[in-house]
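**Student:** Any chance you can model this:
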Amino acid sequence: MDSDSKPSFIERLTSLLLREPEDREQLLEILHAAYERNLMDADALTIIEGALAASDTRVTDVMIPRAQMDVIDVDDPMSEIVPVVIEAAHSRFPVVDGDRDKVLGILLAKDLLRIHTEESFDLRDWLRPAVFIPESKRLNVLLREFRVSRNHMAIVVNEYGGVAGLVTIEDVLEQIVGDIEDEYDFDEAHDNIRLDASGRYRVKARTEIEDFNEAFTTKFSDEEFDTVGGLVLRHLGRVPKRNEIVDIEGVRFQVLRADSRRLYTLLVTPPPKSEAGAEDFTG
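**Tutor:** Coordinates of the predicted model:
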């Protein structure tokens, strides 16, 4: 590239002054403008938006609540542990001593292959150390700690030292790059609606309207769209941004994850009269 084709100092300075964002909102406007001009694709925009949002998102917003944790008791026999591991299909399990507040360590599912060959074993000998983090920790900080320590799971504790839930590296990455599906949860409708630590519900946008109505005793029509994501998109007439809130017939939807093309996850606050039905659905 010859010197004549390079932008002059004045041109570069002018470009910097005109385009340098003063805050995050202006930065996002520039990024969206770049996407609209095909200077970056939707996936790249989604990852950048997710990375920016991670610094403002706390662990408590994405963790698996205590009540929904799949745990193993240290005194459980192998005949009970194996079916639990197979049904849950996780790679890691917190091991407790009779109480979810007493987490002794983490069991890797792959270690069961070696344990299973032993005639007698003490589960305590196979536990990996558990990592405990506060509810207030930011996702960008946690991701950095995951990378340094090579841990993939952390136990979330509240201000009183009690276990509030757990978070995995997959939960963090989903906030940045969108939903990460696998063969175990792709079509599991019962996992589409989960009770959040705040008392609200995390609902996947792909949840069928019929299932949503059954869970929350609502009466949304499924004639124009089949999913909750379609309901929100139809109401707004566009793809909403992260953390955007919309009220539809008494139900409040807050966008947890979305990119420039689609919705992934919503935080739902149902009308008070609907709470009982939703709790039954998430059990």
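
**Student:** Give me the mean pLDDT for whatever helix or strand residue 25 lives in.
**Tutor:** Element membership of residue 25, judged by DSSP states H and E, is helix 24-36. In this model, helix 24-36 carries a mean pLDDT of 76.

**Student:** What's the first helix or strand after it?
**Tutor:** Going down the chain from helix 24-36, the next helix or strand is helix 42-54, by DSSP H and E.

**Student:** any idea of the angle that following helix forms with helix 24-36?
**Tutor:** If you take axes from the mean of the first three to the mean of the last three Cα atoms, to 10 degrees, helix 42-54 sits at 170 degrees to helix 24-36.

**Student:** Run through who's touching helix 42-54.
**Tutor:** Here helix 42-54 makes contact (Cβ atoms under 8 Å, 6 or more residues apart in numbering) with 24, 27-28, 31-32, 34-35, 138-140, 143, 172, 175-178, 242-243, 257, 259-261. C-beta coordinates here come from the backbone N, C-alpha and C atoms, glycine included.

**Student:** Could you pull out the buried residues of the helix or strand containing residue 147?
**Tutor:** Element membership for residue 147, per DSSP H and E: helix 139-149. Of all the residues in helix 139-149, those buried under the rule 16 or more other Cβ atoms under 10 Å are 139, 140, 142, 143, 146.

**Student:** Residue 100 contacts residue 164, correct?
**Tutor:** No: with contacts counted by Cβ atoms under 8 Å, residue 100 stays clear of residue 164, the gap being 9.9 Å.

**Student:** neighbour-wise, which of these two wins?
**Tutor:** Legend: neighbour count by other Cβ atoms under 10 Å for residue 100 and residue 164, higher for residue 164 (23 against 19).

**Student:** Tell me which residues are up against the helix or strand that one falls within.
**Tutor:** Per DSSP H and E: residue 164 is located in strand 163-168. Contacts with strand 163-168, where a contact means Cβ under 8 Å, 6+ apart, come from 59-60, 62-66, 68-69, 92, 94, 100-101, 103, 133, 135, 142, 152-158, 197.
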